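> Sharing a model prediction with you, sequence too.
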Amino acid sequence: MRRFSLIAVPYIWLLALFLIPFLIVLKISLSDAALAIPPYTPQLDFAGGWDAVKTFFADLDFENFEFLTTDDLYWKAYLSSLKIALISTGFTLLIGYPVAYSMARAAPEWRPTLLMLVVLPFWTSFLIRVYAWMGILSNEGLLNQFLLWSGLISEPLTILNTNAAVYIGIVYTYLPFMILPIYSALEKMDDSLLEAAEDLGCSRTSAFWLVTIPLSKTGIIAGCFLVFIPTLGEFVIPSLLGGSQTLMIGKVLWEEFFNNRDWPVASAVAIILLLILIIPIILFQRNEQKQREAEDQ
Amino acid sequence: MAQEALFEPWNDPNEPPLIQFKNVTKKFGDFTAIDDLTQDIYAKEFFALLGPSGCGKTTMMRMLGGFETPTSGTILIAGQDMNNVPPNKRAVNMMFQSYALFPHLSIYENIAFGLRRTDMAKGAIDARVHEMLKLTRLEKFAQRKPHQISGGQRQRVALARSLAKAPKLLLLDEPLGALDKKLRQDTQFELMDIQEKTGTTFVIVTHDQEEAMTVASRVAVMDEGRIIQVATPDVIYEAPNSTYVADFIGDVNLIKGTVELRISSAPVKDPETEVVAEDIIDDTPNPQPNKLGEWIHDTLLSPIIGERIEPIKRLPPPSTAELAASQEKMQTAQDGGLLLNWSDKNPTIIVSNGDETKDGATLTFAIRPEKLNISKTKPDAPNSLQGKVIDIAYLGNVSTYYVELIGGQMIKAQMANARRLARRDITWEDDVWVSFTDTAGVLLEH
């Protein structure tokens, strides 16, 4: 009984804060838009008794999901989000891995400081940091001023309000999520493994590819998912740094909710996004579990 | 065993050494890990580097592996200067203390790892891996990952992996440190067996003297970056060249004193020649003064004519029955050697194997506890010292007696427990005699 009540705590938490909101969103996605408060019908009315509940369920339909397939804006937005998420995950990995590697190779007394520096940006509000990038990337921004001053360019570059700015913003924001899991995988690695590889005939480079990379694989996978999953639904960065041509599903979702006030369609978009994310989330969980099993040995 | 006795390349001036350390010094900052070290190691040797942690033994091995380069001096392997050869270009493989098995690869792939870095054909690699699996009795585990096998099996995988490329030289860094005692003993014999089968030169680093003694053809005892003594295990044990070696290898009693030439010869076996021998050596004046004469000499004449020469005290001649009995059990001392004066309350120690040129020097007498005999009655032995049993450590097969000699010197004596514990006749606080032969110990200079 005591065991049961202990397990019940996280389950009640999940039920209240995840499952119930999810069911509400699901219900809204199956409703129709209406000029009312809240802006959708039907409303569940228990006062009407069993008949009212029956008509309520009869009124729910998949119209909104069908609508999503008719307008190519939505699937283009999904695809574009996937593309941006994949490319920025790649960039984050390319930058994050060397950083994590050099941190793990640094002298032990330096590591806490380096770790601190990686986490330090979290102390400032995410929104403020993105606004700061607007100041850096704009036509009269710090970056352009520097490039003009150094003579590398004669005309200011247009970076802000392009996809490039979105990539910069995403890579900057999510870099720590890539560095930390890779660092923790590399830090655990026994140096004698590399010596053993060299001893058995590997050059330094091939030892890196044959030993270091495979052994940091779980860290790489974890980092990629930690960047990919939130990036897919990212809304703040594309709307602040991106331009009109930047199409991301998070932005579409926002516009449906607040500009069009079409809650049912917005909910349908959110449900589809969730379904898309379930696959990488399950893969991520499996990777975590595998890592835990390997560590238990 | 007979074969091993013949294997002594270090005594053959025509045998070229496989490894040569020439005045090698290695410094880490201010710390000198290896101090001007010169040493040859021969092909097919099982060479043990033995010493406490921090003595430089691991550094020496890592220099052979190519993981460290000497600060000065050269290391030659098969006549080739190794200073600028990286680890992956050396015909040397190392078995790491942590085994360093690749956790993401199966046992098979771990063993094949080194072979895959060569241009060996796939079929040949497979054959070689299977040969190694068979040698180390790991066939059943080929497809397992390192974390799915036991510590002893991991140790064998590490050995198989390091032997797979058939190196000229195999380095073993504390290879058995992670195994429990029983498994360690079994594995020691396995190692020797594999070394003999493959004919590879093994250099092993260990801090466990028992392990070094068991496996090695020669043992190098190291301290503070220097090799103190290199010799076969029996020489290291029986004839250490310093108190450091004597103390590091096994248990030892150390007694410090000054030595003098032995003036009198030992009792000789034949009673007829014994009389003759005594006559030759006895240089005391004859006849001897009586009591009054002694008094006059000591009080009046000694300032003028010198100290009176004391006669050698003689026991009455033994009866024929006594002689016959003592003939059997009397341990006779050999001629020559030195006497150790170490305490004014105890008799001198006869060391007939002492170097006579060391007359007058201050030396340390080292004797192993198992070479001491302990008894309640005075034994017939060249050396016997009186003391009291302070403590007894019962170890099962042997017991160690801690005896306090007259004057306070503590001495450890080890006796095999041939009898059951209940029938042991020596116990705490007993007055006992500690005896040993005249060749049981050695005199050491430092």
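Everything's here; your move.

> residue ranges of the helices in the stretch 151-297 of chain A, please?
For the stretch 151-297 of chain A, the helices defined by DSSP state H, counting those that start in this stretch occupy A:163-187, A:191-199, A:204-207, A:213-215, A:217-232, A:236-241, A:249-254, A:263-296.

> Could you see whether chain B lies near the last one?
By that I understand helix A:263-296. Yes: using CB under 8 Å from any CB of the partner chain, helix A:263-296 comes into contact with chain B via A:Ala294. Just so you know, the C-beta spots here come from the backbone N, C-alpha and C atoms, and that holds for glycine as well.

> Now mean pLDDT too, for the helices of the stretch 151-297 of chain A, in a markdown table please.
A markdown table is the format used below for the helices of the stretch 151-297 of chain A (pLDDT from 0 to 100):
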| stretch | mean pLDDT |
| --- | --- |
| helix A:163-187 | 94 |
| helix A:191-199 | 93 |
| helix A:204-207 | 94 |
| helix A:213-215 | 93 |
| helix A:217-232 | 92 |
| helix A:236-241 | 90 |
| helix A:249-254 | 89 |
| helix A:263-296 | 86 |
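
> Need those in TSV (columns: mean neighbour count).
Listed next are the helices of the stretch 151-297 of chain A as TSV, based on neighbours: other CB atoms under 10 Å in any protein chain shown:
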stretch	mean neighbour count
helix A:163-187	22
helix A:191-199	21
helix A:204-207	14
helix A:213-215	15
helix A:217-232	22
helix A:236-241	21
helix A:249-254	22
helix A:263-296	16
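
> Nearest to B:Ser150 among those would be which one?
The closest of the helices of the stretch 151-297 of chain A to B:Ser150 is helix A:263-296. By CB to CB, the value is 16.2 Å.

> Pretty sure B:Gly407 sits against B:Asn346.
Yes: B:Gly407 is within contact range of B:Asn346, at 6.1 Å (criterion: CB atoms under 8 Å).

> who's more crowded, those two?
The neighbour count for B:Gly407 versus B:Asn346, taken as other CB atoms under 10 Å in any protein chain shown, is higher for B:Asn346 (17 against 12).

> what's the burial count for A:Lys54?
11.

> got it, and B:Phe436?
23.

> quick one: which of the helices of the stretch 151-297 of chain A is nearest A:Leu30?
A:Leu30 lies closest, by CB to CB, to one member of those: helix A:263-296, at 7.5 Å.

> what's the angle from the closest one to helix A:163-187?
20 degrees (axes from the mean of the first three to the mean of the last three CA atoms, to 10 degrees).

> by contact count, what packs against helix A:263-296?
helix A:20-29, strand A:32-33, helix A:63-70, helix A:72-105, helix A:217-232, helix A:249-254 (3 or more CB pairs under 8 Å, 6 or more residues apart in numbering or on different chains; DSSP states H and E).

> nearest to chain B, of the ones you listed?
helix A:217-232 (7.6 Å; CB to the nearest CB).

> Please enumerate residues in contact with the closest one?
A:81-82, A:84-86, A:88-89, A:92-93, A:96-97, A:100, A:170, A:174, A:177-186, A:213, A:249, A:273, A:276-277, A:280-281, A:283-284, A:287-288, A:290-291, A:294, B:104 (CB atoms under 8 Å, 6 or more residues apart in numbering or on different chains).
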